[in-house]
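Q: the following comprises the amino acid sequence and a computationally predicted model.
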Amino acid sequence: MMSGVRIFLAGAGLMGTDIAYIFAHKGFRVVLYDISPDSLARARERHLYLSRNVDMVSPELIDNIVYTTDINDSRGAEFVFEAVVEDLKVKRRLFSDLERILDRDILFATNTSSYTVSELASQLDDPGRLVAMHFSNPPIDMKLVEVVGSSYTVDEALDSIIEYSRLIGKEPIVLDKDCRGFVLNRLIYTAFVVALYQLDRGVRPESIDAGVKGLGVPYGVVEGMDLIGLDVVKRILDNLFEAYGDIYRYPANILDDMISRGKLGKKAGVGFYRWESGSAVITEAEPADPTPYLAVVVNEAFRVVEDGVADKARVDKVYRLGVGAPAGLFELADLFGLDNLRDILNAMYSETGHRVFKWSGPD
């Protein structure tokens with residue numbers, strides 16, 4: 001058992017805050033670092049709330065977490081986990097600073113959503129220590145951790161991340177190839193693209209989400225964007241567009257308008273929905289047809305397999321664990337019928353010309 005290990009966790013945003021608590025719950029001693037005292041104060045408030053209201057935790061676990069704005073408090077850490085803002089320069093600078101402080105044998109992990117491990121590791125003196133340990137949002141609820149290294153990563157580092165994932169009660173899925181978005185974000189962000197186009201055409205968020213929840217998932221697509229944070233969604237979409245082109249092209253005016261008005265989603269208390277006590281306030285609405293969403297995500301799943309990132313079985317598992325779905329994507333594709341999904345996409349591609357609808361599965 002590695003519980004009791006001292007972890008330096010950088011980034012007290014929504015993900016970093018909850019992941020810090022997950023580690024603390026399993027007995028790890030966590031130093032939570034952020035450059036913003038306000039972010040650390042909010043993180044502590046969140047931890048106090050969780051300790052009083054979530055069955056999996058207890059108030060005593062707060063004693064396992066130290067809050068700091070001093071990166072030198074990483075000294076003595078046996079494991080570093082990064083969950084800072086999704087900005088390549090910021091992440092690289094953080095790891096470079098930590099490399100100057102910590103010994104060469106200290107393991108580094110990143111929760112990046114839209115950069116490759118190679119992009120982050122290439123600037124390090126010892127790039128073999130860095131591994132992706134990508135959680136799904138919300139991390140307390142979802143069991144998934146995607147694990148992948150780069151061409152630099154040593155086997156011992158990968159094995160350690162797998163063990164850490166299991167120790168905190170998560171299920172690690174090891175991918176075959178390092179790529180932007182890994183598996184989960186490549187899938188769900190295609191659904192975000194479709195949602196943004198439908199919103200731009202006047203479809204109500206409540207209708208979109210009512211339809212998607214009919215597929216058995218706990219969160220709607222628009223609700224999911226709010227949950228992640230609309231500023232973060234925009235940054236990740238832009239990064240995926242940079243890597244994969246027009247598949248991730250979206251009507252930026254919608255997100256730009258929401259962001260300019262401070263309507264960032266859950267963390268701001270309002271986005272496409274109003275948020276109260278950690279949940280979106282969603283009124284009842286006539287469900288929109290969910291099959292276009294299923295079709296585009298299945299379509300991207302075929303691309304992921306074709307790219308050699310993971311086989312069908314692991315893609316199905318990533319989807320089930322990452323979004324809380326009752327079945328995997330390829331299982332759902334068989335249920336709905338590949339011919340049906342292909343026909344839906346072909347019709348939408350003819351209408352829109354958007355590459356997200358261009359069929360990539362078998363003929």
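A: Sure thing, it's come through.
Q: how far is stretch 99-107 from where the chain is centred?
A: 26 Å (CA atoms, centre = their mean, to the nearest Å).
Q: poorly predicted segments of the stretch 51-200 of the chain, please.
A: Across the stretch 51-200 of the chain, residues meeting the criterion (pLDDT under 70) sit at 54-60.
Q: tell me how many other residues crowd the nearest residue to Tyr115 once chain neighbours are set aside.
A: Excluding the flanking residues, the one nearest Tyr115 by CB to CB, 6 or more residues apart in numbering is Leu88, at 5.7 Å. The C-beta positions use only the backbone N, C-alpha and C, and glycine is treated the same way. Here the number of neighbours of Leu88 (other CB atoms under 10 Å) works out to 15.
Q: got the contact list for Leu88?
A: 115, 119-120 (CB atoms under 8 Å, 6 or more residues apart in numbering).
Q: for the residues you listed, which one is nearest Arg186?
A: The closest of these to Arg186 turns out to be Tyr115 (CB to CB; 13.1 Å).
Q: wait, that closest one touches Glu242, no?
A: No - in this structure Tyr115 lies outside contact range of Glu242 using CB atoms under 8 Å: 10.0 Å.
Q: so for those two, which residue has more residues nearby?
A: Tyr115 (21 against 11).
Q: my read is that one is in a helix, agree?
A: No - under DSSP: H, G, I helix; E, B strand; the rest coil, Tyr115 falls outside any helix and is assigned coil.
Q: over to it: give its phi and psi.
A: Tyr115 adopts backbone torsions of phi -120, psi 160, taken as degrees, to the nearest 10.
Q: and it, what does it touch?
A: 86, 88, 91, 180, 239.
Q: strands along the stretch 151-300 of the chain, start to end?
A: With strands called from DSSP state E, counting those that start in this stretch, the stretch 151-300 of the chain shows them at 171-174, 274-276, 279-281.
Q: now the residue nearest to Tyr115: how far from Leu48?
A: The gap separating Leu88 from Leu48 is 33 Å, by CB to CB, to the nearest Å.
Q: same deal with Ser360?
A: For Ser360, the distance to Leu48 equals 47 Å [CB to CB].
Q: with neighbour numbers in mind, choose between these two.
A: Ranked by neighbour count (other CB under 10 Å), Ser360 and Leu48 place Ser360 first, with 17 against 12.
Q: surely the more buried one meets Ala301?
A: No - using CB under 8 Å, Ser360 makes no contact with Ala301, being 9.0 Å away.
Q: show the pLDDT at Tyr293.
A: Reported pLDDT at Tyr293 in the predicted model: 95.
Q: count of neighbours near the nearest residue to Asn340 once chain neighbours are set aside?
A: Among residues not flanking Asn340 along the chain, Thr291 sits closest, at 7.5 Å (CB to CB, 6+ apart). Residues lying near Thr291 (other CB under 10 Å) number 16.
Q: now do the contacts for Met348.
A: The contact partners of Met348, by CB under 8 Å, 6+ apart, come to 292, 354, 357.
Q: for Val174, same thing?
A: Per CB under 8 Å, 6+ apart, neighbours of Val174: 147-148, 158, 162.
Q: what does Asp141 give?
A: Here Asp141 is in contact with 218, 324 (CB under 8 Å, 6+ apart).
Q: how close does it sit to Val217?
A: 12 Å.
Q: find residues that contact each of the two.
A: Shared contacts of Asp141 and Val217, defined by CB under 8 Å, 6+ apart, are found at Gly324.
Q: in a strand, that's where Asp141 is, yeah?
A: No - counting by three-state DSSP, one finds Asp141 to be coil, located in no strand.
Q: for it, phi and psi?
A: Recorded main-chain torsions at Asp141 are phi -90, psi -40, according to degrees, to the nearest 10.
Q: same check, this time on Val148
A: The phi/psi pair for Val148 (degrees, to the nearest 10) reads phi -160, psi 150.
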